[in-house]
Structures are given as C-alpha cells and as structure tokens.
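Asker: I would like to see how this sequence folds:
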Amino acid sequence: MMKAEQDGLVLHGVSVARNGFNIVSDVTMRVPLGGITVLLGPNGAGRTTLVEAISGILPIQEGSMRFGGVDFGRMSRVQRHRVGIAHVEQGRTVFSDLTVDENLRTAGRLASTADAYEWFPELAKRRHIKAVSISGGEQQMLVIARALLGQPRLIVLDELSLGLAPIVVGRLMPMVRQIADRGIGVLLVEQYANLALEIGDAAYVMNHGRIVLQKRCGDLLKAPEELHRAYLL
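Answerer: As a prediction, the model looks like this:
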C-alpha cells in the first residue's frame with residue numbers, strides 16, 4: 001500500500017444502521033491524500049449514511065475506520081475534526097443570521113480568512129452580508145471555504161451540486177480538483193456522475209448499501225454502460 005493511502009482514509013467492512021435499520025453493509029474503501037475519490041450511486045443507496053458515519057453523526061455497527069493510521073471509529077465529531085476530517089454536509093449548512101465573514105470566523109482552527117476570499121472572490125463582495133441573503137452557489141462556496149479554513153487533511157463533500165445551476169457547478173468542480181492538488185484527500189459524493197468522474201481519480205459505486213463497482217474514474221468514463229448496470233442492480 002502506498003504511503004498516501006496509509007495516511008488517508010481506510011474503511012474496512014463498515015456497516016451502519018439508521019433508525020434501527022441496516023443501511024450500509026460491509027463497505028471497504030480507501031481515500032488517499034492528494035486525490036479525489038468519487039462515491040456514486042442512485043438515491044437511497046446509502047451514500048449519505050456512510051459519510052455521516054465517517055464524520056461521526058452516526059455510529060458504525062461493524063468494521064473499522066482509520067485515518068492517518070489512527071482508528072477513529074469511536075471518536076467524537078470534535079475529535080475527528082481535530083485529526084483533520086471535515087464534512088461539508090448536503091443542504092449548505094450556513095449560519096443564516098451571521099454575515100459571510102462571521103461564518104468564516106466560526107471555523108475555529110483558522111487559516112487567514114483572506115485565504116477564503118482568494119479561493120472564492122465572489123465571497124469578498126458579500127463579506128458583510130448575512131449568509132441567508134446570498135445565493136445558493138455562494139452559500140456552497142462559503143461552507144467549503146469555512147471547512148478549508150480549519151486546515152483539514154480530508155474533506156468529505158456530500159452532494160456538492162445539489163440544487164445548483166450548471167454554471168455554478170462548473171465553477172465549483174475545478175476548485176475541488178485544486179483542493180486535492182494541495183495534498184488534501186477528497187471524498188466527493190455526487191449526483192452528476194460525469195462531472196465528478198471528469199475531475200476524480202478513483203470511483204466507487206454504491207447500491208443497496210454495498211459497494212458494487214470500483215474503478216478508475218477515467219476507465220469508468222469510457223464504460224458508461226458498466227456504470228449504468230451498477231445503478232440498476
């Protein structure tokens with residue numbers, strides 16, 4: 001196993017329940033640092049349940065989760081944040097009554113907020129406006145920037161493009177590639193398969209709570225029929 005994989009996220013035989021029902025079963029996957037790992041699958045496949053287990057929202061029932069060689073499966077959400085795991089949840093969870101700048105300052109272990117405005121110049125023009133009043137695309141930029149200011153080593157992006165116009169998604173996807181190129185591991189859960197595969201390195205497809213396909217992104221782009229079959233299992 002390469003060092004980047006050892007230092008990254010490693011899941012082995014992970015099972016997760018929600019409301020007493022087993023949703024994720026026996027998932028094994030790796031998210032190396034410095035790369036984009038894409039997690040695809042139809043609605044209800046269990047992708048969000050899996051990433052909520054990674055961030056500590058849900059407990060795991062079986063298996064192990066390691067990051068940087070450390071087993072974090074029983075850690076609190078705060079402890080996971082401290083070891084370098086950031087989770088950008090679907091739904092753009094901004095603090096509505098705070099301004100853009102105040103939202104950024106809630107990140108805790110801060111890099112300079114000036115970095116956020118360098119990454120997303122659109123936010124600089126909105127820094128004194130309450131987050132509830134900016135567009136959905138700007139809110140997504142805000143939550144990504146806030147996560148990055150915490151200086152994570154792994155960032156989990158759940159449904160980055162949900163509810164956003166294609167032009168906004170086209171602005172965000174290259175930024176995700178830039179995040180990985182800085183040495184951060186990225187786990188990208190995405191509904192638009194082709195967009196994710198175009199910027200990603202490795203892909204996993206979930207269906208019925210299990211990994212049903214694993215392939216390099218470039219190879220999967222060349223085999224859309226294989227991806228289609230995995231969605232229909």
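Asker: ok, then the element right after the helix or strand where residue 123 lies?
Answerer: Here residue 123, judged by DSSP states H and E, is contained in helix 121-124. Next in sequence after helix 121-124, counting helices and strands by DSSP H and E, comes helix 136-149.
Asker: Give the residue spans of the protein that score low on pLDDT.
Answerer: Low-confidence segments of the chain (pLDDT under 70): 1-6, 91-92, 108-111.
Asker: Okay, strands next: where are they in the protein?
Answerer: Using DSSP state E, the strands of the chain run over 9-18, 21-31, 36-40, 60-67, 70-71, 85-88, 154-158, 185-189, 202-207, 210-216.
Asker: Show residues contacting the fifth one.
Answerer: The contact list for strand 70-71 (CB atoms under 8 Å, 6 or more residues apart in numbering) reads 64, 65, 83. To be clear about C-beta, it is placed using only N, CA and C from the backbone, and glycine gets the same treatment.
Asker: just the third one next, same as before
Answerer: In this structure, residues lying in contact with strand 36-40 by CB under 8 Å, 6+ apart are 29-31, 47, 50-51, 176-177, 180, 185-190, 193, 196-197, 199-206, 217, 227.
Asker: what does the first one give?
Answerer: Around strand 9-18, the neighbours that count as contacts under CB under 8 Å, 6+ apart are 22-31, 46, 49-50, 52-54, 58-67, 85, 154, 185, 187.
Asker: As PDB, could you dump the C-alpha coordinates of that strand?
Answerer: What follows is strand 9-18, C-alpha atoms only, in PDB (Å, rounded to 0.1, in the frame of the first residue of the first chain):
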ATOM      1  CA  LEU A   9      -8.900   7.300   4.900                       C
ATOM      2  CA  VAL A  10      -9.300   3.500   5.100                       C
ATOM      3  CA  LEU A  11     -12.700   1.800   5.700                       C
ATOM      4  CA  HIS A  12     -12.800  -1.900   6.200                       C
ATOM      5  CA  GLY A  13     -16.000  -3.900   6.500                       C
ATOM      6  CA  VAL A  14     -18.100  -0.900   7.700                       C
ATOM      7  CA  SER A  15     -21.800  -1.400   8.400                       C
ATOM      8  CA  VAL A  16     -24.100   1.400   9.600                       C
ATOM      9  CA  ALA A  17     -27.700   1.500  10.800                       C
ATOM     10  CA  ARG A  18     -30.200   4.400  10.800                       C
END
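Asker: if I look at residue 116, how far off is residue 105?
Answerer: Using CB to CB, to the nearest Å, residue 116 is found at 10 Å from residue 105.
Asker: okay, the two: which has more neighbours?
Answerer: Each of residue 116 and residue 105 has its neighbours counted (other CB atoms under 10 Å); residue 116 has more, 27 against 15.
Asker: Show the contacting residues for the closest residue to that one other than its chain neighbours.
Answerer: Excluding its sequence neighbours, the residue lying closest to residue 116 (CB to CB, 6 or more residues apart in numbering) is residue 145, at 3.9 Å. Contacts for residue 145 (CB under 8 Å, 6+ apart) come out as 104, 116, 119, 120, 123.
Asker: Could you pull up the residues touching the residue lying closest to the first one once chain neighbours are set aside?
Answerer: Using CB to CB, 6+ apart and skipping residues adjacent in sequence, the residue nearest residue 104 is residue 113, 4.7 Å away. Listed by CB under 8 Å, 6+ apart, the contact set of residue 113 reads 101, 104, 105, 149.
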